[in-house]
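Q: For reference, the sequence and a predicted model appear below.
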Amino acid sequence: MEDWVSIGYLISAALFIFGLKKLGHPRTAPYGNQLGAMGMLVAVITTVVSMQLAGGAEWILIGAGLVTGSLIGYWLAVKVEMTGMPELVAMFNGFGGAASALVALSEIWKYLEDSSTVPEGLKLTVTMIAAGLSALVGWMTLTGSMLAMYKLKGGISVFGKWIKTPTWGPSWLNGVKILLLVAVGVLIYYSICEPTNTDYMWGIIGISCLLGIILVLPIGGADMPVVVSLLNSLSGIAAAFTGFIIGNSVLIIAGSLVGASGLILTFIMCKAMNRTLLDVLFKSFGGSGEKASLTRTKVGSDADEVAMMIDGAQKVIIVPGYGMAVSQCQHQVKEFADLIKEKFDTEVKYAIHPVAGRMPGHMNVLLAEANVPYEQLIEMDEINSEFPDCDVAVIIGANDTTNPAARSGEGPLAGMPIIDADMARTVVIIKRSLSVGYAGVDNDLFYMDKTMMLFGDGKAMMSQLNTAIKEI
């Protein structure tokens, strides 16, 4: 029967791998999610069978956990709005890391109940190192993810009062991070020497929770795509460490897959922000917090003017940003694209910057919810060459990701890859004001002669523009 348990874990691992492969494209992503969920179901069933063979399973506790978790997951999935998806992902990352750390802690706790279960030699060393690292990564992921979630929300409500989440990271804080990591290493060493003394493990947990907070604290909300992907990777790494402790092969495989894929995505996000991973971990990135003072003005246009400009355009490229997510105007954007395609026979594409929004793929998720065809969503590197032949570029709530200052080699945006919207023949920008983006850099694109500004809420302006196009 034990052979069947191994086969079950093998099937589960295969489903995880194929599911991850399918997640690489928006069209196949739903099927990939289904494969991953099926793999987890197979893993759970196999684990329960394995527990039963080992001497009986606590069916009431297992059933209660499955039902409770399923109900909470379903409620969250139904309740959350698409604009709140980044916060939900950050929270799930934190819970994943904490779950792995708790499993590792429960295994170590057994040593207190029965000292005869304490392994010896190399096995003890490997077990305690894995437990310490699982605690470090898991609890650090939990507190870091919770702070990231509140940063994405913009703050936290306490007794009806809204408190903004601070962004604070002086240079000396990097020394504190290194000291805390060294302290965890020392505590892991002592836990190997005294495996039945849980004080060391509680010390690791406390330091790890603090470390998660000070790692995320210096990072601003506009840079959260990098943080979310990094925390996702850490939650997988914590699971892999726990797999080594309890000897569960599928947990090692699943954790390694999540850790590796999350780390690859982190490097992609870092490249898109023109930063290294060390910059992410040890520098307060995303701008110094100093905002450029606005000395220029721009006369705004109205929806009728923009509609007349779009009339006759052969190619329009839409550039969505976080402003689109905030105003939740993705459906109005889809209506706009359908209108000009039907009325003017215009070719429409969407330019997607890798870090637009608050999590990797945020714009893709929002536009997919509005049923925008996948083939119209084009990544930055592929579509930038098309802007010189574009009649109108319509920017909705994007700022830093379209700022030509990134090409100057100076300032917070220096070297950051951007959408080349300024290369289009005409640029239409829908934005509440001329205010700078998170990097604090004024955007020259706003003041170009070929730029038309529609000042106002994204949803309201898109609705007015759609009405104006219908009346032509």
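A: Perfect, I can see it now.

Q: now what about stretch 179-199, what contacts it?
A: With CB atoms under 8 Å, 6 or more residues apart in numbering as the test, stretch 179-199 has contacts from 108-109, 111-112, 115, 118, 124-125, 128-129, 131-133, 136, 200-201, 203-204, 207-208, 210-211, 214. From N, CA and C alone the C-beta is placed, and that goes for glycine too.

Q: Distance from it to the middle of the chain?
A: The chain centroid and the centroid of stretch 179-199 are separated by 32 Å, computed with CA atoms, centre = their mean, to the nearest Å.

Q: Using the record's assignment, carve the chain into domains.
A: 1-79, 84-282, 303-470 (automatic domain parsing).

Q: all helices for the stretch 151-300 of the chain, in order.
A: Remark: helices assigned in the stretch 151-300 of the chain by DSSP state H, counting those that start in this stretch are 173-193, 199-216, 224-246, 249-272, 277-282.

Q: which one of the ones you listed has the lowest average pLDDT?
A: Ranked by mean pLDDT, those bottom out at helix 277-282, which scores a mean of 73.

Q: Which strands or helices does that one pack on?
A: Contact here means 3 or more CB pairs under 8 Å, 6 or more residues apart in numbering; DSSP states H and E; on that basis helix 277-282 packs against helix 173-193, helix 224-246, helix 249-272.

Q: And it, how far out from the chain middle?
A: Chain-centre distance of helix 277-282: 16 Å, with CA atoms, centre = their mean.

Q: Then stretch 70-83?
A: Offset of stretch 70-83 from its chain centre (CA atoms, centre = their mean): 17 Å.

Q: chain center to stretch 312-328, what's the gap?
A: 21 Å.

Q: got the buried residues for it?
A: For stretch 312-328, the neighbour count (16 or more other CB atoms under 10 Å) marks 313, 315-328 as buried.

Q: just stretch 91-102 next, same as before
A: For stretch 91-102, by 16+ other CB under 10 Å, it's 91-94, 96-102.

Q: quick check, nearest of those to Ile45?
A: Ala99 (18.3 Å; CB to CB).

Q: Make sure the closest one is indeed in a helix.
A: Yes: with DSSP: H, G, I helix; E, B strand; the rest coil as the criterion, Ala99 is part of a helix.

Q: give the contact list for it.
A: Contacts of Ala99 by CB under 8 Å, 6+ apart are Gly138.

Q: Number the residues from 50 up from this point.
A: Yes, from this point I'll number from 50; that puts the last item at Ala148.

Q: tell me the pLDDT at it?
A: Looking at Ala148, its pLDDT stands at 92.

Q: try Gly81
A: Value for Gly81, per-residue pLDDT: 92.

Q: Near the residue lying closest to it once chain neighbours are set aside, how many other residues are there?
A: Distance criterion CB to CB, 6 or more residues apart in numbering; nearest residue to Gly81, sequence neighbours excluded, is Lys71 at 3.0 Å. For Lys71, the count of nearby residues is 18 (other CB atoms under 10 Å).

Q: try Glu459
A: Quick note: Glu459 (other CB under 10 Å) scores 11 neighbours.

Q: Also Leu283?
A: 30.

Q: Quick check: it touching Gly143?
A: No: contact between Leu283 and Gly143 fails when scored by CB atoms under 8 Å: they sit 9.7 Å apart.

Q: and for the two, which residues touch both?
A: Contacts common to Leu283 and Gly143, judged by CB under 8 Å, 6+ apart, are 190, 193.

Q: Hmm, Gly292 and Leu182 touching each other?
A: No: taking contacts as CB under 8 Å, Leu182 lies outside contact range of Gly292: 12.0 Å.

Q: contacts for stretch 297-310?
A: Contacts of stretch 297-310 (CB under 8 Å, 6+ apart): 55, 58, 61-62, 65-66, 69, 88, 92, 95-96, 149, 281-293.

Q: Quick one: name whatever helix or strand follows whichever strand or helix holds Leu416.
A: For Leu416, the enclosing helix or strand under DSSP states H and E is helix 411-418. Using DSSP H and E, the next helix or strand after helix 411-418 towards the C-terminus is strand 426-428.

Q: Which other helices and strands does that following strand contact?
A: Applying 3+ CB pairs under 8 Å, 6+ apart, one finds that strand 426-428 contacts strand 396-401, helix 411-418.

Q: any weak-confidence spans in the stretch 350-499 of the chain?
A: 487-488 (pLDDT under 70).

Q: please redo it, this time with the cut-off set to 90
A: Low-confidence segments of the stretch 350-499 of the chain (pLDDT under 90): 361, 371-372, 374-377, 403-415, 417-418, 422-424, 448-449, 454-466, 481-491.

Q: Neighbours of the residue nearest to Ile467 when sequence neighbours are not counted, how many?
A: Nearest residue to Ile467, sequence neighbours excluded (CB to CB, 6+ apart): Ala455, at 4.7 Å. For Ala455, the count of nearby residues is 21 (other CB under 10 Å).

Q: got a list of what Ala455 touches?
A: Here Ala455 is in contact with 323, 449, 462-467 (CB under 8 Å, 6+ apart).

Q: For Lys392, state which of those is nearest.
A: Ile467 (30.7 Å).

Q: Spit out the contact partners of Leu222.
A: 263, 266-267.

Q: how about the helices in the stretch 350-499 of the chain?
A: 352-359, 371-376, 379-393, 411-418, 429-432.

Q: thinking again about what came up before, which of the contacts of Ala455 are buried? Put it as a PyMOL command.
A: Restricted to buried positions by 16+ other CB under 10 Å, the PyMOL selection for these reads:
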select buried, resi 449+462+465+466+467
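
Q: quick one: which two of the contacts of Ala455 are the most distant?
A: Asp449 and Gly464 (12.7 Å).

Q: picking up where we left off before, looking at the helices of the stretch 200-349 of the chain, which one is packed in the most?
A: Among these, helix 273-295 has the highest mean neighbour count (mean count of other CB atoms under 10 Å), at a mean of 26.

Q: so how far is that one from its chain's centroid?
A: Mean-position distance between helix 273-295 and its chain equals 13 Å (CA atoms, centre = their mean).
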